[in-house]
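Chemist: any chance you could fold what I've pasted below:
(chains A and B)
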Amino acid sequence: MRFIDEYRNEADARKFVEAIRGKVTRPWTLMEICGGQTHTLLKFGIDRMLPREITLVHGPGCPVCVTPVEMIDRAVAIARKPGVILASFGDMLRVPGTRDDLQGVKAEGGDVRIVYSPLDAVELARKSPGVQVVFFAVGFETTAPANAMAVLQAKETGLENFSILCSHVRVPPAMEAILSSPGNVVQGFLAAGHVCTVMGYREYEPIAGKYRIPVVVTGFEPLDLLQGIFMTVAALEEGRWGVENQYVRSVVREGNARAMEVVDRVFEICDRQWRGVGSIPLSGHRLRPEFAAFDAAVRFEVEGVTAREPEVCIAGQILQGRKRPPECPAFGTDCTPEHPLGAPMVSSEGACAAYHLYGRRE
Amino acid sequence: MCLAVPGKVMEILEGPPEMRMGKVSFGGITKDICLAYLPEVKVGDYVLVHVGFALSRIDEEEAQEVFRLLEQIGELSEPGDAPPAGSGPSA
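Modeler: Numbers count the residues shown, from 1 in each chain, chains lettered A, B, ... in the order given. Model (predicted):
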């Protein structure tokens, strides 16, 4: 497939590895933000190809993983209500809440449907006038434009049986939280390329300046990641900091103005709880007052949302790059993809799932 | 979930610009995709698609950048090093 296959060429990958080997003189710790990037690194064995001096730690860029338990509990409670269809991205179905998950509600007979796009949920609402359709709107800045458009369409067509449970998260505050925390080990970032197709990379410039750190906007194919790592290591070795763009075929500094404008029309920035990490200021979105009618958290009263996580799950430390999945006592034993204790073992972008799937035991 | 996939715009459908839809092919599988965020996109363009929305147009010229860098890296290897894979016998 074009724009995929050529970025998976093994000979070219080895050239990049050699170039990285030639540059590196000291140990460096890099973090890739996005779970999709983590999966590529492990699936193609890039983590094993790199020189020993380079340590890769994995970031919180897995929106499924960071959705707070409270949100899962709320979604579960709403899905249980009669006359409700809960529509969601597939990954969310097996994320554990305090007691159960959406898959469990579905198994009991609740109407939980997997959709590919938020527009599918809008269409569902249009076709089912007697039923309330609630879309579980999870995602980073990459997904916000789609979720915003769904709400806008619902409003413009006067759809009264559609609402969203909003759990958006934003990358720059998460990066700040990681960099400003006392035990931070991250010296360079591979920024999430797809987030940047929407947002551009202006927001990272003050962060890179404040912490004097290289940030390289990086794509998702093996050659993208290798080039991103090469550029980051080169900057570190040469004592340079600032933002660079590896993913030039898809990202420009200003991002997609139209997409940002629609997101800004529908959502405003707010504080947000990140599962396992805690509250990060200004790291989320909520619907603006003029769209409050579409807020499922307001439309549906739910009781008994206790929001407790299993104590043994160390997802928070994994999402901040402090620990790697095999360091978790439950990894591969009590916690597996079949019976996950936390979100990173469930999500197709979760670090724990990646380590398990690609057989990394240490 | 932030996975976006490249596809080729095969057809742009009639409709209001703020809800412009198109048919995008992903290696032969065609889906209806919202093109509202790329008002200048044309049939034949490659776009990056995420949850049913095209978010950016793939710049074919810039797409070569990775390979240009690889060539430069190849040229910078010192004489006496092993020749790059695929090259002929050493001089």
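Chemist: would you list every one of the strands in chain B?
Modeler: Counting by DSSP state E, one finds strands in chain B at the ranges B:5-12, B:21-26, B:29-34, B:46-50, B:53-57.
Chemist: could I get these as JSON lines with mean pLDDT?
Modeler: What follows is the strands of chain B, written out as JSON lines (pLDDT from 0 to 100):
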{"stretch": "strand B:5-12", "mean pLDDT": "96"}
{"stretch": "strand B:21-26", "mean pLDDT": "96"}
{"stretch": "strand B:29-34", "mean pLDDT": "96"}
{"stretch": "strand B:46-50", "mean pLDDT": "97"}
{"stretch": "strand B:53-57", "mean pLDDT": "97"}
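Chemist: and for the residue of chain B at minimum distance from chain A, the neighbour number?
Modeler: Closest approach between chain B and chain A, counting by CB to the nearest CB: residue B:52, at 2.8 Å. Every residue, glycine included, has its C-beta placed from N, CA and C. Counted with other CB atoms under 10 Å in any protein chain shown, residues neighbouring residue B:52 total 20.
Chemist: phi first, then psi, for it.
Modeler: Residue B:52 adopts backbone torsions of phi 90, psi 10, taken as degrees, to the nearest 10.
Chemist: tell me the contacts of it?
Modeler: Neighbour list for residue B:52: A:116, A:117, A:118, A:119, A:120, A:146, B:31, B:32, B:33, B:34 [criterion: CB atoms under 8 Å, 6 or more residues apart in numbering or on different chains].
Chemist: now for those: which two are most distant?
Modeler: Among these, the pair separated by the greatest distance (CB to CB) is A:118 and B:31, at 14.7 Å.
Chemist: name the residue closest to the centre of chain B, please.
Modeler: The residue lying closest to the centre of chain B (CA atoms, centre = their mean) is residue B:58, at 4.3 Å.
Chemist: what's that one sitting at in phi/psi?
Modeler: phi -80, psi 120.
Chemist: residue with max distance from the center of chain A?
Modeler: Ranked by distance from the centre of chain A (CA atoms, centre = their mean), the top residue is residue A:130, with 33.7 Å.
Chemist: quick check: residue A:290 vs residue A:122, distance?
Modeler: 18 Å (CB to CB, to the nearest Å).
Chemist: one more: residue A:225?
Modeler: 35 Å.
Chemist: more neighbours: which of the two?
Modeler: Taking other CB under 10 Å, residue A:225 and residue A:122 do not tie; residue A:225 has more neighbours (27 against 24).
Chemist: what strand or helix carries the more buried one?
Modeler: Per DSSP states H and E, residue A:225 falls inside helix A:222-237.
Chemist: my understanding was that residue B:22 contacts residue B:11; is that so?
Modeler: Yes. Between residue B:22 and residue B:11 a contact is recorded at 6.0 Å, counting by CB atoms under 8 Å.
Chemist: can you map out the strands along the stretch 151-300 of chain A?
Modeler: For the stretch 151-300 of chain A, the strands defined by DSSP state E, counting those that start in this stretch cover A:162-168, A:188-192, A:214-218, A:242-245, A:267-274, A:278-287.
Chemist: can you give me the helices in the stretch 201-350 of chain A?
Modeler: All helices of the stretch 201-350 of chain A, identified by DSSP state H, counting those that start in this stretch, fall at A:204-211, A:222-237, A:257-266, A:296-299, A:315-319.
Chemist: need those in JSON lines with distance to residue A:197 and mean pLDDT, can you?
Modeler: Converted to JSON lines, these look like this (distance: least, CB to CB, whole Å; pLDDT from 0 to 100):
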{"stretch": "helix A:204-211", "distance to residue A:197": "14", "mean pLDDT": "97"}
{"stretch": "helix A:222-237", "distance to residue A:197": "13", "mean pLDDT": "97"}
{"stretch": "helix A:257-266", "distance to residue A:197": "9", "mean pLDDT": "98"}
{"stretch": "helix A:296-299", "distance to residue A:197": "28", "mean pLDDT": "94"}
{"stretch": "helix A:315-319", "distance to residue A:197": "23", "mean pLDDT": "87"}
